[in-house]
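> Would you be able to build a 3D model of this:
(2 chains)
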Amino acid sequence: MTHVPYARLASLWREERAAQLVEFAVALPLLMIFVVGIFDFSSALTLKLKLTNLARDAARSAAADPASDLQSPSTTVPASVMDAFHLIDNYFLDSNLNDCGITARGSPTNLTWTFTATGNGCPSGGLKIIINRGYFFPLSGAAVASASCTSQGTGSPTVFTPVATCVSIQYGYPWRFGRVASILGRSDTLPSQIAAVGVALNEN
Amino acid sequence: MKRPLIRRAAQVCAGTSRQRGVTMVLVALAMVAIIAMAALSIDVITLYLAKEEAQRCADMSALAAARVISISGITGDPSNSGSTGSSSWQAICGGSTSPASQAATAVAMQGVVGGTAANTVTVTYSAGGTSNADCSSLSSGGAFGVNPMVTVRIERTSLPNFFSRIWGNAGTNVSATATAEAFNPSFSATLGNQSSGTIIPVQPSCVKPWIVPNHDPRNPGPQNGLYCDQSGAGGPGPCHTFVSASDGSITHTGISLNGTATGGVIGEQFWLVPDCVYSGSTCSLRPPSPQANIAATAHIKAPQNLEYLPGQTLSSSFAVPSCPGGSGSNYEKAIDGCDQSAFYQCGVQWSASANPNLVDLSENPGGSGDTTNGVQCLINQANNSDVGASTGQDYLNTNGGAFGAPGVFPFQILEGSSNPLVTPGLASGSPITASTSIVALPIYDDSAGAINGTGTTPVTIVGFLQVFINAVDQFGNVNVTVLNVAGCSNGAGTYPVSSNAVTGTSPVPVRLITPP
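Numbers count the residues shown, from 1 in each chain, chains lettered A, B, ... in the order given. Below you'll find the model as predicted:
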């Protein structure tokens, strides 16, 4: 192996080479944007996919449980809400997602339980789980379920008002894309949380 | 030794002026590949996400439709007899304006697919290889009568795409299909989607510990002032069964209005009365037992009535603590909550060994007040002294008729004033889809042997009743309206009973299936 002579190293700084470096410096942010963007958006969408499945599985599991535990909601979290909560929490733990040390504590607002956590070094934005066991909406003309799982009006029910369970999961996602985009002078704000909502008609 | 490649390349280019701008050209060329990768990773995962969201919407939607069908009772009317004055199938799943289809669409529209709600939701009903948007055009007496299947197809058009646009690829569509069924085990050996000569039993959860004999107190109807099972000249004789003990089929199919049994067993109303004398801390059987339509006493409501026996409850966990003020016995908890350890095995023959279904006479369901307390807690009923004046609980739309007698079909459940949904803003009196007043109870084969005078007795469960509790009185009498009947035979009849039960929350469970 021969060593690179100093003369050659010095020749790197000849005019043409420098021009290449300048060109590269111009192209680099563009490349970075694409590479980081691909990486960042793909993982965000993958996370959204997981949370979507999870929210709807949790809604289904709670909706299949009896509603008798909701008769006198108190500080004790009802069994059906615990079912949905544990399904979510166990999935987080099993798939190496940081569950932010979330615990099923808290008192409900009507039939909506909200659990939040920001600990355990979890992504900024934290983890928020909203479970509304008495989610109702008009039979026709309802909007899609919101991330807050707030019940919608009943419209004028002629047949019935569907009573369902709504589960919303909001999980912080640390975007890297924003920082890269700021190199190009952009200041785009991306949502700090990925949210997914699931609705299942109560069976009981 | 060869020189390193980079240096050789550098040497080749060195000294020429053509390399100026070569990085730009390379980057521009690479950009095509990079954009292709971006298209692959971001656009494709967007599509996957939308596909998954569409699938989940379709699943929930199909389950919602199946659940509306399940609770409607049309699986108790397999021949679509028209006993309510019009086609009962038509009233539940007859096209896009029917309750089942509307529920499916409403639930599907709750979920986002690629950012907004789905564009089209198509609901079809099928049985035996034919499908239709109007289930009443399917053959009556066929598989749809016991195992109605509903298929929902969700489509979302013009999904946004970001990078594949440069190839002129605009507006991708995704669609997803899901099929759910409501499974009534009655007749399942010879009729249904997967009939194979074997009865497939059901195992509902949270069954209430009220074991009733296989006597339909309203069938046959009264004659000469006497009800069935009552002795005396000119009476109608013994009551018929709810379900056949040999093949699990429903004895008196059809739907009745106004609490009568003229059209069939679904919709008939009667009192469940304790088969125990009122006094005492344990149950002393009320001879002769068991039967229907026993004469009224100070503690027993007048016919039509049906005696129930307390089922055994184990000292294990329950879903809910008992309401304040109650005795908190396990029997009471099993009523006001969900007894998760009780599994009533339908179609398992009576035997001294390994039969988990026991009548337990250590509980006096009437005298202890446990039934009254439990039911009041379960259904939010405020007053137990006068059933007609009881308030708070959900009730059936009687259309001006007698209390507890459904006057319209589809049966409508109206929200009571103490329902926990009132506070979040669902006005009292609204028709709703779910109620804690809907419970399941086991039917036992009373022809297999007598109940022991004390202690426990194993019994053969031949089916389940799904009833709507209208009210309870202070003596443990429970006024109910039948919503569904499910039979799975006594395990010793014409057909073998599968050991794999279909589990669910109701005696007519709903589940997602792969269409046969």
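
> Provide a list of residue ranges in the chain with pLDDT below threshold.
No chain specified, so I'll use chain A. Residues of chain A meeting the criterion pLDDT under 70: A:1-17, A:72-75.

> That was the other one, I meant chain B.
Scanning chain B residue by residue, the ranges that satisfy pLDDT under 70 are B:1-21, B:170, B:289-290, B:315-327, B:351-355.

> can you do 50?
For chain B, the stretches flagged by pLDDT under 50 are B:1-16.

> Show me where it has its helices.
B:5-13, B:22-38, B:44-72, B:88-93, B:99-108, B:330-336, B:370-379 (DSSP state H).

> Tabulate those helices (CSV), appending distance to B:A127 and mean neighbour count.
Bear in mind the C-beta positions are built from the backbone N, C-alpha and C, glycine included. Listed next are the helices of chain B as CSV, based on distance: least, C-beta to C-beta, whole Å; neighbours: other C-beta atoms under 10 Å in any protein chain shown:
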stretch, distance to B:A127, mean neighbour count
helix B:5-13, 70, 11
helix B:22-38, 47, 14
helix B:44-72, 12, 26
helix B:88-93, 11, 24
helix B:99-108, 14, 27
helix B:330-336, 36, 26
helix B:370-379, 35, 26
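
> B:V485 is nearest to which of those helices?
Across those, B:V485 has its closest neighbour in helix B:44-72 (12.4 Å, C-beta to C-beta).

> Next, the angle helix B:99-108 makes with that closest one.
150 degrees (axes from the mean of the first three to the mean of the last three C-alpha atoms, to 10 degrees).

> How about helix B:44-72 and chain A, touching?
Yes: judged by C-beta under 8 Å from any C-beta of the partner chain, helix B:44-72 comes into contact with chain A at B:45-46, B:48-49, B:52-53, B:56, B:59-60, B:63-64, B:67.

> Please tell me how far B:P160 sits from B:T46.
To B:T46, B:P160 is 7 Å away according to C-beta to C-beta, to the nearest Å.

> Name the residues contacting each of those two.
Contact criterion C-beta atoms under 8 Å, 6 or more residues apart in numbering or on different chains; residues shared by B:P160 and B:T46: B:G114.

> Can you give me the distance of A:A63 to B:F409?
A:A63 sits 25 Å away from B:F409, going by C-beta to C-beta.

> These two: which has the busier surroundings?
Per other C-beta atoms under 10 Å in any protein chain shown, whichever of A:A63 and B:F409 has more neighbours is A:A63, with 31 against 24.

> picking that back up, in TSV: the residues of helix B:44-72 next to chain A, plus distance to A:F92.
Listed next are those as TSV, based on distance: C-beta to C-beta, whole Å:
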residue	distance to A:F92
B:I45	21
B:T46	24
B:Y48	21
B:L49	19
B:E52	18
B:E53	20
B:R56	19
B:D59	22
B:M60	22
B:L63	25
B:A64	27
B:R67	29
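
> just those residues now: which is nearest A:C100?
So of these, ranked by how close each gets to A:C100 (C-beta to C-beta), first place is B:L49, at 23.4 Å.

> neighbours of the closest residue to the closest one other than its chain neighbours, just the number please.
Leaving out its chain neighbours, the residue that sits closest to B:L49 by C-beta to C-beta, 6 or more residues apart in numbering or on different chains is A:L49, at 5.0 Å. Using other C-beta under 10 Å, A:L49 has 20 neighbouring residues.

> Make sure A:L49 is indeed in a strand.
No: counting by DSSP: H, G, I helix; E, B strand; the rest coil, A:L49 is not found in a strand; it is helix.

> Next one: it relative to B:R156, how far apart?
For A:L49, the distance to B:R156 - C-beta to C-beta - is 15 Å.

> which bits of the stretch 401-516 of chain B sit near chain A?
Applying C-beta under 8 Å from any C-beta, one finds that the stretch 401-516 of chain B approaches chain A through B:410, B:412-413, B:420-421, B:423-427, B:430-434, B:436, B:438, B:504-506, B:510.

> Let's see that with 10 Å instead.
Those residues of the stretch 401-516 of chain B that sit near chain A, judged by C-beta under 10 Å from any C-beta of the partner chain, are B:410, B:412-415, B:418-427, B:429-440, B:503-506, B:509-510, B:512.

> picking up where we left off before, got CSV for the helices of chain B, with distance to B:S195 too?
Listed next are the helices of chain B as CSV, based on distance: least, C-beta to C-beta, whole Å:
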stretch, distance to B:S195
helix B:5-13, 72
helix B:22-38, 52
helix B:44-72, 19
helix B:88-93, 20
helix B:99-108, 23
helix B:330-336, 34
helix B:370-379, 36
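
> for those, which one sits closest to B:P516?
For those, the distance to B:P516 is smallest for helix B:44-72, at 15.2 Å, taking C-beta to C-beta.

> centre of the chain versus that closest one, how much separation?
Distance of helix B:44-72 from its chain centroid, counting by C-alpha atoms, centre = their mean, to the nearest Å, is 18 Å.

> re earlier: and the residues of the stretch 401-516 of chain B next to chain A, which are buried?
The neighbour count (16 or more other C-beta atoms under 10 Å in any protein chain shown) marks B:410, B:412-415, B:418-422, B:424, B:426, B:430-440, B:504-506, B:509-510 as buried among those.

> Which of those residues fall in strands?
Taking DSSP state E, the ones among these that sit in strands are B:413-414, B:431-432, B:438-440, B:504, B:510.

> Could you work out the most separated pair of these?
With C-beta to C-beta as the measure, no two of those lie farther apart than B:L414 and B:G504, at 24.9 Å.

> need the contact list for residue 140.
Answering for chain A, as no chain was given. Applying C-beta atoms under 10 Å, 6 or more residues apart in numbering or on different chains to A:S140 gives the contacts A:155-159, B:97, B:102, B:105-106, B:109.

> look at chain B instead
Counting by C-beta under 10 Å, 6+ apart, B:S140 touches B:77-82, B:87, B:89.

> Distance of B:M37 relative to A:G37?
Counting by C-beta to C-beta, the gap from B:M37 to A:G37 is 11 Å.

> now do A:L184
Taking C-beta to C-beta, one finds A:L184 at 12 Å from A:G37.

> Kindly report the same for B:I74.
Remark: distance between B:I74 and A:G37 (C-beta to C-beta) = 54 Å.

> Which one's more surrounded, the two?
B:I74 (33 against 18).

> Isn't that one up against B:S83?
No: taking contacts as C-beta atoms under 10 Å, B:I74 lies outside contact range of B:S83: 11.3 Å.

> Now the common contact residues for the two.
Common neighbours of B:I74 and B:S83 (C-beta under 10 Å, 6+ apart) are B:255, B:266, B:409.

> ok, what's across the strand from the second one?
In this case it means B:I266. Here B:I266 sits in beta bridges with B:I255, going by DSSP bridges.

> how near is it to chain A?
Taking C-beta to the nearest C-beta, to the nearest Å as the measure, B:I266 falls 18 Å from chain A.

> and what of the last one?
For B:F409, the distance to chain A under the criterion C-beta to the nearest C-beta works out to 12 Å.

> quick one, what contacts that residue?
For B:F409, the contact set (C-beta under 10 Å, 6+ apart) comprises B:72-74, B:77, B:83-86, B:88, B:91-92, B:255-257, B:263, B:266-267, B:399.

> For it, give me phi and psi.
phi -120, psi 130 (degrees, to the nearest 10).

> gap between it and B:S88?
Using C-beta to C-beta, B:F409 is found at 6 Å from B:S88.

> cool, and the first one?
To B:S88, B:I255 is 5 Å away according to C-beta to C-beta.
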